[in-house]
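Undergrad: Build the 3D model from these lines:
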Amino acid sequence: MERPSLEFKLPDTHEEGKLYVVDSLNNLNKLNVCPAESQCSLDEEDNTGGTGESMAGSHASNQRLFLVTFVLTLTVSLALVSFVIFLIFQTRNEVDQISSRLLSEKKNIEELKKLNNIILKHLNQSRIKE
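TA: Here you go, the predicted model:
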């Protein structure tokens, strides 16, 4: 019986490993050379031709964009809620002022009615005397 060989015939991964190391060194060099992410990301997309590395970069960029959009949305929502609460308090104050005016006007009308009744009684008495 023949013993099976313990060595596997794998495709030549040594060359792929070298390419991976070189690519990693290039990426590390890019990080050290150009800290401005916008230019580096454009260069990276050009060099990778839309492979997984640019996808990972765009995913991180999408996450940042989502986070910024989320924070802006929360800020705008907070501002709107604050404005609505301010309007509610202002409206309450206006209603309180109007109701106090109405109460004072009601008292004035009641006094005028009393004066009117007194004047009418006085006129009726003066007519009777004539």
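
Undergrad: Name the next helix or strand following the worst-scoring helix or strand of the chain on mean pLDDT along the chain.
TA: Every helix and strand of the chain was ranked by mean pLDDT, DSSP states H and E. The lowest is helix 37-48, at a mean of 52. Note on helix 37-48: by DSSP states H and E, the next helix or strand toward the C-terminus is helix 52-129.

Undergrad: and that following helix, what's its mean pLDDT?
TA: The average of the pLDDT scores along helix 52-129 is 91.

Undergrad: who does it touch, helix- and strand-wise?
TA: Packing partners of helix 52-129 (3 or more C-beta pairs under 8 Å, 6 or more residues apart in numbering; DSSP states H and E): helix 37-48. Where you see a C-beta, it was placed from the backbone N, CA and C, and this is true even at glycine.

Undergrad: Next, find the distance separating Asn29 from Asn108.
TA: According to C-beta to C-beta, to the nearest Å, Asn29 and Asn108 sit 87 Å apart.

Undergrad: for Phe66, same thing?
TA: Plainly put, Phe66 is 62 Å away from Asn108 if you go by C-beta to C-beta.

Undergrad: before we move on, what about Thr69?
TA: Distance, Thr69 to Asn108, by C-beta to C-beta: 58 Å.

Undergrad: How about Phe86?
TA: 33 Å.

Undergrad: How about Leu25?
TA: For Leu25, the distance to Asn108 (C-beta to C-beta) stands at 91 Å.

Undergrad: What of Val21?
TA: Counting by C-beta to C-beta, the gap from Val21 to Asn108 is 94 Å.
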